[in-house]
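Enquirer: Kindly generate the corresponding structure for this input.
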Amino acid sequence: MSYVVDFQNVSTTGLETSPVAEALAGLRANEARYFRNKYDHTFTVEPAEEATDLVQYVHSILLKERDLTIAARPLEATSFEAEGTRWTYVFYEDGLAINVMYALEDGGKRAVGFKLSDGMEVPKELADTFKFARQKSKLAGTIRGSFFVIKGTYDL
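Expert: Purely as a prediction, here's the structure:
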């Protein structure tokens, strides 16, 4: 069942099993606020077990581009289009959020972003490869983020 993320009344719905559920909910709400303000998009997620195609899409890009396998259990996922870019998100139990920004036109921006919830450790699979910049958020506390540019072509 899908869930519309409310960034005014932050809820841990769907994220309850995470040890950093409150921070992950804040991170998810922060993303929802961004897409509402920038694109007038309502950020809606569904349980990962109902969105296996989205989780597989993200995982296949990570594997092909950087030989990365994420150890944490995916909890939620979403995918939508905004102004010629497809955005795909997966939120993980350990507090990690991964997004794929994929311009639909050739030559557009394509990247994978990693965001770490406040209070979580950097996952082992990312620790040696990525440096994380800090960003403050009223909804999420301190978010640490990193990214890499996608070189290949991927269809959802």
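Enquirer: in stretch 77-84, what's buried?
Expert: By 16 or more other CB atoms under 10 Å, the buried positions in stretch 77-84 come out as 77-79. C-beta coordinates here come from the backbone N, C-alpha and C atoms, glycine included.
Enquirer: dump the residue contacts of the nearest residue to Val149 once chain neighbours are set aside.
Expert: Closest residue to Val149 apart from its sequence neighbours, by CB to CB, 6 or more residues apart in numbering: Ala111 at 5.2 Å. Neighbouring residues of Ala111 by CB atoms under 8 Å, 6 or more residues apart in numbering: 100-101, 147-150.
Enquirer: right, and out of those, which lies closest to Ala51?
Expert: Taking CB to CB as the measure, Ala51 lies nearest Val100 of the contacts of Ala111, at 13.3 Å.
Enquirer: Provide the partner residues of the closest one in its beta bridges.
Expert: With DSSP bridges as the criterion, Val100 is bridged to Thr88, Val112.
Enquirer: what sits against it?
Expert: 57-58, 61, 86-89, 110-113, 150.
Enquirer: By neighbours, which of the contacts of Ala111 wins?
Expert: The residue in these with the most neighbours, by other CB atoms under 10 Å, is Val100 (23 neighbours).
Enquirer: show me where this protein has helices.
Expert: 21-39, 52-66, 124-127 (DSSP state H).
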